[in-house]
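[1] sequence and predicted structure are below.
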There are 4 protein chains.
Amino acid sequence: MLDETTKGIFTIAATPFLPNGALDFDSLKNMVDAYIEKGATGLTILGMMGEADKLSSEESIAVIRTVTKHCNVPVIVGVSAPGFSAMTMVSNAAMAARATGVMVAPPSRLRTDAQITQYYQDTSEALGQIPFVLQDFPLATGVIISTSVILKIAENYPNCVMLKHEDWPGLEKITQLRKASDAGARRISILCGNGGMYLLEELLRGADGAMTGFGYPEMMSHVMTAYKTGNLEQARDIFDAYLPMIRYEAQPSMGLAIRKYSLAKQGVIAHPTLRKPAPLLTQDAIREIDALAQRQDRRLQAIDV
Amino acid sequence: MLDETTKGIFTIAATPFLPNGALDFDSLKNMVDAYIEKGATGLTILGMMGEADKLSSEESIAVIRTVTKHCNVPVIVGVSAPGFSAMTMVSNAAMAARATGVMVAPPSRLRTDAQITQYYQDTSEALGQIPFVLQDFPLATGVIISTSVILKIAENYPNCVMLKHEDWPGLEKITQLRKASDAGARRISILCGNGGMYLLEELLRGADGAMTGFGYPEMMSHVMTAYKTGNLEQARDIFDAYLPMIRYEAQPSMGLAIRKYSLAKQGVIAHPTLRKPAPLLTQDAIREIDALAQRQDRRLQAIDV
Amino acid sequence: MLDETTKGIFTIAATPFLPNGALDFDSLKNMVDAYIEKGATGLTILGMMGEADKLSSEESIAVIRTVTKHCNVPVIVGVSAPGFSAMTMVSNAAMAARATGVMVAPPSRLRTDAQITQYYQDTSEALGQIPFVLQDFPLATGVIISTSVILKIAENYPNCVMLKHEDWPGLEKITQLRKASDAGARRISILCGNGGMYLLEELLRGADGAMTGFGYPEMMSHVMTAYKTGNLEQARDIFDAYLPMIRYEAQPSMGLAIRKYSLAKQGVIAHPTLRKPAPLLTQDAIREIDALAQRQDRRLQAIDV
Amino acid sequence: MLDETTKGIFTIAATPFLPNGALDFDSLKNMVDAYIEKGATGLTILGMMGEADKLSSEESIAVIRTVTKHCNVPVIVGVSAPGFSAMTMVSNAAMAARATGVMVAPPSRLRTDAQITQYYQDTSEALGQIPFVLQDFPLATGVIISTSVILKIAENYPNCVMLKHEDWPGLEKITQLRKASDAGARRISILCGNGGMYLLEELLRGADGAMTGFGYPEMMSHVMTAYKTGNLEQARDIFDAYLPMIRYEAQPSMGLAIRKYSLAKQGVIAHPTLRKPAPLLTQDAIREIDALAQRQDRRLQAIDV
């Protein structure tokens, strides 16, 4: 079960579709294998980048069961929903299928500290014994969560065991949270998102790992291995080699299409299909991605990765 | 089946709960009877004021079946959902249960005219033969829909047969839409919401009726009957008698709690319970509602309603 | 000077323009006289409804000087500005011209409790000895201010002496603030806005008066006089007579055009002109306003107001 | 005067302050010299990154006069303001001081295509003969402007001569605008912002240059020179050397503090001071910037820039 000490790389999983929009379970299993082979120590499924809100609840449960049955790493399931009834239903199904925990982003109507705290109090009560991740992603949700609110949630709701950190800017938030836990506040795990854009700075500030996706998900394990073995400059070299593509994938609303194109190109999934509503990659965009991928290859070879 | 000529009063139905938060099917049936007795010529269920997003999909379908089985008036079902998979699933279930059509509000991320048009193109395709209502409620969705966009959607997607109008201010929009259809554009039905706050002006501008809720839903039929029989001043007298309460119920996020309190007080539903997240009515608020209800009674008596 | 004990009716003043868009100083003076004759015990100029953001700073200062020179009631000046340099400049000019205090709304980018508190700390420092009103108007600013944040600002910044209350819903906020000051927190003045839509409930909850505009500004003094002399039912009768028009004027973005039309019709200002960007009243709208005004007259006569 | 054919590098200028918050005119002149020496072919002053909204109008005019008097390159002046009165006043002062044109961002309340088009119609009329840049920066303004709206504004308002492009994602927008002008629509200049994050892709899509700031503003001229001389791979090498810092500076709300720190470190301005409200760089952040700057130096040396 997920807890406050969880570390590592939880790759945010895409949800593969067939060209007709149906779930592609073969690709799903293949992708899970690929993620783990490329260094994932855990998986997060049905997050925003998993197009969770485009699935019916039956489909969501089919994805959860397929993934948890197919692999042995811990699986976190995104269960954000407009109401607690749907959230609880999917959460219970996920835990029954051997998931390790769930992840909850705040609904976009929340504004004040008190509204956010109340929402996570309700979430905590609705989930009961199920450990959950607080997803802090203002660019997508529109909800700004203060450090003091996160600390209050961590203090009051023991089943909140992890922060998925993707505030932007968010580096000072990591430092403040770690200073607070060093000074006696409850310490929860912090895994970072944002497509890895600030991965090294996040680790240096005290993050416990990464929870994000990227078209070349081995980036995270290469960078973290170099970092953990003390080779910071090597970690920066590796990161910088991927950075032009990380930056390209960071384009909001286009990012998932770019990522799925890269995954399909590498054979990780069979089709780059997104469900509607979704942007289409133009030929111009594909040319740009291909050019970046070629340079990325050359540069990784040059630094022996 | 719902079509462009639909007129009348579609009362927005609450969803009654037991004190423990479970669906209260007895109250649901009793409430349906009361709405029709008080003048509803149709019902709209599982809208925003039906707490639709707090129900699991199983619960939604149970509510739909209970209502359509229990009454003979046309029933529109709110099916707004983050993705088309869930929307289609509930829509098909609703139509299989003899609903007359569905209602779709835009997701709050939409901004430009093109984004909104594209969304309703996708909606139209996803729904196929099912007639749908375009819900235009910027205060709740954050999406501003121009008159020209509504006309384009009406022109291009024949299964869009009705506008649920609750833009604010929105009176000019009705006039512009009616001028456009008088000049040859496709004419769709317009039923108005906003708790009835501008009901008479809306009718005078060319609306085909009301689609809203209110703690005293007979207000709509009393006002519309007087209006249709040419007694405009009487219609205004009746409207004005209810207006202090309409105004009180118009308080955002509090409105449904106020309405359910009024419905429970009159015995229409057994409990005023809302599902979380929901505001609680304080004793101060209840005193205010009771005072308004007493004056409303006296004033209605004074004008023989 | 404005302080925590200020009570009464601060009418929100329009800014009259000539048909060519230039400031209409004759109307400005006439309007000030009319407001005071109709019961204003103070004035608030250059607020949102004073089209302050459409004036250059030279024009703002000319308006301030004209009003303060022309009348003897206390004058509050809206000084909300994107930066403190402009805010301080106008505030100093206002106080030099014998204004009684200034009013500051939060910039719309603020989200968290800490951001709002920090903004008012900076405001308090920038204003120094000048007393200021905290304007809490989420519908216009997009900023939601918790009761606890208001209490913190009141506690920490002595030059914050008044709350302009127009949260919606906001009745519980008044009650909470009054409970807090009864329990020992610093008590600041609360004057209420929102076009008077909830005036009686606000007074009953503990407000110290009204700070709002309306096309028939005598409504506020009639209602408050009846209320203060213990004639609550009479106060309600008067309020209800005006309510259909209050409701009509409450239409966002249209409201000021409606109000200026009513003021011009009564001869309070010479022209109903608004500066761009501004909506135009159509003939349909004017007919609606005229019909409401006629009924309002009749009903006021019927209750001897 | 600015026109549709303008190309090149318009560096977005910071506004230097003394530690006490007063304008630092010596630094301003020194910075202007440095920008031009580092390759700027024009300057844009008083934009968002120029803290324009924190200046009083007197201060704005002093900055404009200092810059236009001190240099011979064309100077564009940001004149975005809540109302046209203030906008016109600053614009006239700027043109009187020999500016080449002005720049206008949309106010954040705009939503629909019609609202945006109307706003720029009013802008065009208010500015008369003054050429203006349409600033398209949704991340900062919250306003999403469709390609079709930009084309309509370009078609209808001849004094709109340039797009400051910083939509994100925005690459397809450049392609669509260029396709439209190739097919006969009026072609206006496109200069790109976003801190240079997608500079090469933007040029390849048809942009006419850059209008952005960065702590090492020579990046833009180095990249564009290599690009224009056909050395695309060299351009990419140079870009990639700066990218880790570009990415770091891209942090919203922190970016200007980072940029001013870099400029001060290089002696371009005397103090990294920002006016309130502004974030403070922590020691952790300064360490991160310094580490990135060192690697940037080494890598630029390695590729002989």
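    That came through, no problem.
[2] my guess is A:L28 contacts A:T68. True?
    No: using Cβ atoms under 8 Å, A:L28 is not in contact with A:T68; the gap is 11.6 Å. (Each C-beta comes from the backbone N, C-alpha and C, glycine too.)
[3] hang on, A:V67 is in a helix, isn't it?
    Yes: according to DSSP: H, G, I helix; E, B strand; the rest coil, A:V67 belongs to a helix.
[4] which bits of the stretch 101-250 of chain A sit near chain C?
    A:R111, A:T112, A:D113, A:A114, A:Q115, A:V143, A:I144, A:I145, A:S146, A:S148, A:V149 (Cβ under 8 Å from any Cβ of the partner chain).
[5] of those residues, select the buried ones using a ChimeraX command.
    In ChimeraX, a selection of the buried entries from those looks like this (16 or more other Cβ atoms under 10 Å in any protein chain shown):
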select /A:111,112,113,114,115,143,144,145,146,149
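[6] what would the residues of the stretch 101-250 of chain A next to chain C look like in a markdown table with pLDDT?
    Supplementary listing: these in a markdown table, determined by pLDDT from 0 to 100:
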| residue | pLDDT |
| --- | --- |
| A:R111 | 95 |
| A:T112 | 97 |
| A:D113 | 98 |
| A:A114 | 97 |
| A:Q115 | 97 |
| A:V143 | 97 |
| A:I144 | 97 |
| A:I145 | 98 |
| A:S146 | 98 |
| A:S148 | 98 |
| A:V149 | 98 |
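[7] helices of the stretch 151-300 of chain A, residue ranges please.
    A:171-182, A:199-205, A:218-228, A:232-249, A:255-265, A:283-302 (DSSP state H, counting those that start in this stretch).
[8] need the contact partners of the second one.
    Read it as helix A:199-205. For helix A:199-205, contacts defined as Cβ atoms under 8 Å, 6 or more residues apart in numbering or on different chains pick out A:165, A:170-171, A:174-175, A:178, A:192, A:209-210, A:220, A:223-224, A:227, A:232, A:235-236, A:239, D:248, D:284, D:288.
[9] equivalent analysis for the third one, please.
    By Cβ under 8 Å, 6+ apart, the residues outside helix A:218-228 that reach it are A:9, A:11, A:38-40, A:196, A:199-200, A:203, A:209-210, A:212, A:214, A:232, A:234-235, A:238-239, A:242, A:246, A:305.
[10] weed out the non-buried ones from these.
    A:9, A:11, A:38-40, A:196, A:199-200, A:203, A:209-210, A:212, A:214, A:234-235, A:238-239, A:242, A:246, A:305.
[11] is the nearest residue to A:H165 once chain neighbours are set aside in a bridge, and if so with what?
    Spatial nearest neighbour of A:H165, chain neighbours left out: A:C192 (4.8 Å); criterion: Cβ to Cβ, 6 or more residues apart in numbering or on different chains. Note on A:C192: beta-bridge partners A:H165, A:A210, judged by DSSP bridges.
[12] quick one: residues contacting A:C192.
    With contact taken as Cβ under 8 Å, 6+ apart, A:C192 is in contact with A:164-166, A:170, A:174, A:198-199, A:202, A:207, A:209-212.
[13] CSV for those residues, including pLDDT and distance to A:A93?
    Output for the contacts of A:C192, formatted as CSV (pLDDT from 0 to 100; distance: Cβ to Cβ, whole Å):
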residue, pLDDT, distance to A:A93
A:K164, 98, 21
A:H165, 98, 27
A:E166, 96, 26
A:G170, 97, 32
A:I174, 98, 33
A:Y198, 98, 34
A:L199, 98, 32
A:E202, 98, 32
A:A207, 98, 30
A:G209, 98, 26
A:A210, 98, 27
A:M211, 98, 22
A:T212, 97, 25
